[in-house]
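Trainee: Make a model of this:
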Amino acid sequence: MQNSRLKLALRRYWANDRINYSIRVFIALVGITLPCWYLNATTAVTPLVLGIIASALAETDDNLSGRVKALLMTLACFLIAAFSIEILFDYPLLFAIGLFTSTFGFIMLGAMGARYASIAFASLLLAVYTMLGANNSPNLWYQPMLLIAGASWYGLLSLSWQLLWPNHPVQQSLAAVFSEFAHYLDSKSKLFEPVSNMVPQPLRLEAASQNARVVAALNTAKATLLHRARRGQPNETGDKFLKIYFLAQDIHERASSSHYRYQDLAATFQRSDVLFRFQRLLENQANACREISHALAMGKPYRHGAKSVKALDELQESLLYLKNQQNPQWRTFLIQLEYLFSNLATVERQLSNVSNPDVAQTGNDIELADTEARSMKERWQRITGQFKPDSMLFRHALRMAIALTVGYGCIHALELERGYWILLTTLFVCQPNYSATRQKLVQRVLGTLGGLLAGIPLLYLFPGQEGQLVLMVLAGVLFFAFRTVRYGLATTFITLLVLFCFNQLGEGYAVILPRLGDTLIGCLLAVLAVSFILPDWQAKRLHKVMASAINANRDYLGQIIGQYRIGKKDSLHYRITRRDAHNTDAQLSTAISNMLVEPGRYRMATDECFRFLTLNHAMLSYISALGAHRTQLDDDRTHQLVSQAHRQIHTHLDCLAEQLDGNQCCHAPDSDTELEHRLAQWRDEDCTSVRMVLQQLHLIQRMLPELHSLANKLAARTKTTS
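Mentor: So this is what the prediction gives:
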């Protein structure tokens with residue numbers, strides 16, 4: 001019994017992605033430090049460990065052949081970076097020119113994809129690591145070869161990991177999707193509070209923020225699955241996981257749906273328990289998502305519990321009771337609740353079929369959209385396409401190149417012997433936007449200070465080489481364990497690791513004060529770069545993001561309306577359009593959040609921006625409800641009415657997108673009041689699907705005037721402040 005508990009606990013820890021990653025780093029570091037200690041190769045420890053760190057930061061998920069290619073490219077870039085530093089180190093002018101061009105070139109490689117962006121960053125990091133030890137390198141070959149050896153050792157270990165556990169990244173990415181689903185359903189459940197004078201905007205904003213996390217998790221899962229496919233077609237081993245991913249996409253469409261205005265439902269049913277029952281069902285489904293996440297991470301089959309099934313049955317009885325009251329004031333609202341019940345019943349069925357996704361599979365189109373550049377021509381076109389001032393990547397590359405070159409100038413101007421920490425700090429802190437840079441800056445300074453304060457007593461307590469090597473390994477493992485979740489704490493551990501590394505060269509205490517001063521200078525350069533070199537203030541581009549969100553919603557709605565004539569079909573084009581709508585909604589939420597961190601003089605119409613986000617997310621929810629209930633409608637009169645309504649909405653959204661893109665004030669197109677009245681009223685003989693389509697289109701139409709008004713206010717505020 002005790003053995004089985006121990007095995008379960010070990011399996012649970014192994015399933016944790018961060019722990020799994022940390023074990024890999026631990027093996028890599030021990031595999032370096034033990035031989036160096038045994039052979040008394042003190043000077044070799046530092047470059048070997050730094051090579052491991054750079055290689056681990058360059059690592060991206062892929063299949064075995066993709067990882068081999070990525071490793072070879074990483075080592076080639078590392079080789080170029082290390083030898084360039086060694087060759088040009090004694091020629092400051094040539095070094096500065098090389099630093100500027102290589103920094104700009106490496107960052108622009110990120111245009112080819114996330115894998116190349118990681119390799120580019122790690123190559124710049126390895127170049128700075130080479131600078132740190134250049135004075136101690138006995139010859140041209142010594143330090144680069146050790147750095148490459150450390151990187152190669154970690155790369156080979158990572159390849160072995162892939163061979164032994166090829167599906168682990170897929171399981172982890174899908175587990176993350178359902179974990180984020182759980183939080184999203186919890187946030188949606190808060191909208192079902194039966195209180196008078198309900199104000200849904202704060203809850204809508206919370207749901208929009210959480211939806212952005214769900215979208216990010218789905219995108220990561222898609223990339224992980226795509227890396228194990230060829231041209232978007234799944235292989236046999238990943239087929240089950242791919243079907244679970246498509247199931248998750250469908251659940252997301254249904255979970256993000258809204259069938260009516262929540263404040264109206266709350267006001268109507270504030271004396272009934274029906275909304276509480278909807279809330280309870282969503283909370284139970286959120287718990288089911290957590291259990292699914294755990295089962296996927298552990299590699300175990302999921303068994304659906306009875307709690308949410310019971311909650312669904314009780315909700316159905318509550319709806320039937322209200323319907324039997326035959327209250328004419330409830331008629332319209334009960335119909336909306338029935339749509340919602342049907343939607344959540346389908347979600348319940350999909351959750352119960354996660355371990356058997358074939359049952360829930362609704363179509364044969366299981367191709368993934370492959371957007372990765374495959375040929376050298378495509379890669380070159382992506383890079384050259386970013387050579388324009390409005391490109392965020394181009395701006396970031398130019399900022400980073402200038403900041404690092406100025407940092408190098410500061411080292412020589414101030415005659416700083418170990419000033420290359422300035423470049424290291426700037427490299428880590430300087431991010432593509434002000435918000436991320438400011439967050440990194442605070443965490444970096446506090447983490448560095450904490451690491452230095454902890455390092456001084458640790459160097460006294462563990463003066464021997466063996467104790468410091470053990471602490472070095474622990475600090476390296478903890479850095480990677482906390483790097484993505486608590487960067488400040490991770491900075492503390494990497495500071496300790498570097499202190500112990502340089503203490504192997506007899507310079508442990510010597511780097512303490514310079515490290516802190518260089519960190520402050522590097523942070524200052526990063527802030528100045530994002531503030532004054534082609535600054536990317538969110539307020540100046542928000543109207544473009546808003547226009548993209550409106551365009552994506554328009555295209556998503558168009559795809560759905562077409563399927564009400566031909567029938568439901570989860571085609572690749574439909575799934576791409578749906579994902580684009582959610583991606584742009586997430587980008588809008590992120591852009592507004594980033595704007596709030598920027599200096600006050602660069603913020604714009606905060607209340608109007610939040611209101612626009614609320615309405616855009618609500619519109620996406622109404623459109624998602626139409627997508628969730630897709631079916632073929634046969635009545636020609638209904639098709640005519642739906643087509644007229646869609647044309648009018650399409651015209652308004654076109655005008656709104658153009659208005660936002662140009663950031664200008666203009667009059668909204670005329671609306672057909674008779675058409676709006678026909679949408680608001682349906683015939684009793686209409687089928688359930690017809691009523692739902694007309695109702696959702698009417699909900700979308702009702703928000704268009706306010707969206708036009710907000711666009712005009714934003715344009716007017718921009719002209720006033722500019």
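Trainee: Show me what the strand or helix carrying Gln468 is packed against.
Mentor: Taking DSSP states H and E as the definition, one finds Gln468 inside helix 465-482. The contact analysis (3 or more C-beta pairs under 8 Å, 6 or more residues apart in numbering; DSSP states H and E) places helix 465-482 against helix 17-38, helix 42-58, helix 434-461, helix 487-503. For the C-beta atoms, the positions are set from N, CA and C on the backbone; glycine is no exception.
Trainee: Tell me who's in contact with Gln468.
Mentor: Contacts of Gln468 were listed using C-beta atoms under 8 Å, 6 or more residues apart in numbering, and they are 459, 462, 500, 503-504.
Trainee: Recalculate using a threshold of 7 Å.
Mentor: For Gln468, the contact set (C-beta atoms under 7 Å, 6 or more residues apart in numbering) comprises 462, 500, 503.
Trainee: Check what pLDDT it gets.
Mentor: Note for Gln468: predicted pLDDT of 84.
Trainee: circling back to that earlier point, from the contacts of Gln468, which is closest to Arg290?
Mentor: Distance to Arg290, by C-beta to C-beta, is smallest for Phe500 among those, at 39.4 Å.
Trainee: Quick check: that closest one vs Glu608, distance?
Mentor: Look at Phe500 and Glu608: by C-beta to C-beta, to the nearest Å, they are 52 Å apart.
Trainee: So for the two, which sits in the more crowded spot?
Mentor: For Phe500 versus Glu608, neighbours defined as other C-beta atoms under 10 Å are more numerous around Phe500 (28 against 17).
Trainee: Could I get the contacting residues of that one?
Mentor: The neighbourhood of Phe500, defined by C-beta under 7 Å, 6+ apart, consists of 468, 471-472, 475.
Trainee: Can you lay out those residues as CSV showing distance to Ser375?
Mentor: Output for these, formatted as CSV (distance: C-beta to C-beta, whole Å):
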residue, distance to Ser375
Gln468, 49
Leu471, 48
Met472, 43
Ala475, 43
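Trainee: For Arg115, state which of the residues you listed is nearest.
Mentor: For these, the nearest to Arg115 is Ala475 (27.6 Å; C-beta to C-beta).
Trainee: Wait, the closest one touches Phe493, no?
Mentor: Yes - here Ala475 reaches Phe493: they are 4.5 Å apart, a contact under C-beta atoms under 7 Å.
Trainee: ok so, going back, where's the dip in pLDDT among the contacts of Phe500?
Mentor: Across these, the member with the lowest pLDDT is Gln468, scoring 84.
Trainee: just for this structure, where's the confidence low?
Mentor: In the prediction, the chain carries residues with pLDDT under 70 at positions 1-9, 13, 229-238, 358-366, 373-374, 505-511, 670-688, 718-722.
Trainee: biggest helix in it, by residue count?
Mentor: In the chain, ranked by residue count with DSSP state H as the criterion, the top helix is helix 688-721.
Trainee: Mind listing what's buried along it?
Mentor: By neighbour count, with 16 or more other C-beta atoms under 10 Å as the criterion, the buried positions of helix 688-721 are 689-701, 703-704, 707-708, 710-715, 718.
Trainee: Stretch 184-197 now?
Mentor: Of the residues in stretch 184-197, those with enough neighbours to count as buried (16+ other C-beta under 10 Å) are 184-192, 194.
Trainee: Equivalent analysis for stretch 301-321, please.
Mentor: Within stretch 301-321, the residues scored as buried using 16+ other C-beta under 10 Å are 302, 304, 308-309, 311-312, 315, 318-319.
Trainee: Could you check which helix or strand contains the residue most central in space within the chain?
Mentor: Centrality entry for the chain: nearest residue to the mean C-alpha point is Ala216, 3.6 Å, by C-alpha atoms, centre = their mean. Mapping Ala216 onto the secondary structure by DSSP H and E places it in helix 201-226.
Trainee: now for that helix, which elements pack on it?
Mentor: Applying 3 or more C-beta pairs under 7 Å, 6 or more residues apart in numbering; DSSP states H and E, one finds that helix 201-226 contacts helix 168-189, helix 239-255, helix 572-597, helix 606-628.
Trainee: hmm, who's touching the second one?
Mentor: Counting by C-beta under 7 Å, 6+ apart, the neighbours of helix 239-255 from elsewhere in the structure are 170, 174, 177-178, 181, 184-185, 188, 214, 218, 221-222, 225, 234, 343, 346-347, 350, 354, 357-358, 360-361, 366, 575, 578, 624, 627-628.
Trainee: Could you pull out the buried residues of the helix or strand just after that helix?
Mentor: Next along the chain after helix 239-255, taking DSSP H and E as the criterion, comes helix 262-268. Residues 262-263, 265-266, 268 are the ones in helix 262-268 that count as buried (16+ other C-beta under 10 Å).
Trainee: Just the buried ones among the contacts of Phe500, please.
Mentor: Applying a neighbour-count criterion of 16+ other C-beta under 10 Å, the buried members of the contacts of Phe500 are 468, 471-472, 475.
Trainee: Leaving out sequence neighbours, find the closest residue to Thr491.
Mentor: Distance criterion C-beta to C-beta, 6 or more residues apart in numbering; nearest residue to Thr491, sequence neighbours excluded, is Gly447 at 2.6 Å.
Trainee: Rebuild the helices and strands packed on helix 201-226 as CSV, extending it with distance to Phe428.
Mentor: What follows is the helices and strands packed on helix 201-226, written out as CSV (distance: least, C-beta to C-beta, whole Å):
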stretch, distance to Phe428
helix 168-189, 25
helix 239-255, 33
helix 572-597, 18
helix 606-628, 30
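Trainee: Which one of these lies nearest to Gln201?
Mentor: For Gln201, the closest of those is helix 606-628, at 4.9 Å, according to C-beta to C-beta.
Trainee: Could you export stretch 376-393 as CSV, CA atoms only?
Mentor: Extracted in CSV, the C-alpha atoms of stretch 376-393 (Å, rounded to 0.1, in the frame of the first residue of the first chain):
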residue,chain,number,x,y,z
MET,A,376,14.5,29.1,-47.6
LYS,A,377,12.5,31.4,-49.9
GLU,A,378,9.6,31.6,-47.5
ARG,A,379,11.9,32.2,-44.6
TRP,A,380,13.7,35.0,-46.4
GLN,A,381,10.3,36.6,-47.4
ARG,A,382,9.2,36.6,-43.8
ILE,A,383,12.4,38.3,-42.7
THR,A,384,12.3,41.0,-45.5
GLY,A,385,8.6,41.5,-44.8
GLN,A,386,9.5,42.8,-41.3
PHE,A,387,11.9,45.5,-42.6
LYS,A,388,9.5,48.4,-42.0
PRO,A,389,9.2,50.9,-39.1
ASP,A,390,5.8,49.8,-38.0
SER,A,391,7.0,46.2,-37.5
MET,A,392,7.3,45.4,-33.8
LEU,A,393,10.1,42.9,-34.5
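Trainee: Can you tell me what sits against that stretch?
Mentor: Outside of stretch 376-393, the residues that reach it under the criterion C-beta under 7 Å, 6+ apart are 108, 110-112, 373, 394, 432, 534, 536.
Trainee: and if we set it to 6 Å?
Mentor: With C-beta atoms under 6 Å, 6 or more residues apart in numbering as the test, stretch 376-393 has contacts from 108, 110-112, 373, 394, 432.
Trainee: Out of these, which end up buried?
Mentor: Buried subset of these (neighbour count, 16+ other C-beta under 10 Å): 108, 110-112, 373, 394, 432.
Trainee: Would you mind giving the helices and strands packed on helix 465-482 as a markdown table with distance to Gly98 added?
Mentor: Compiled in a markdown table, these are given as follows (distance: least, C-beta to C-beta, whole Å):
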| stretch | distance to Gly98 |
| --- | --- |
| helix 17-38 | 29 |
| helix 42-58 | 19 |
| helix 434-461 | 25 |
| helix 487-503 | 24 |
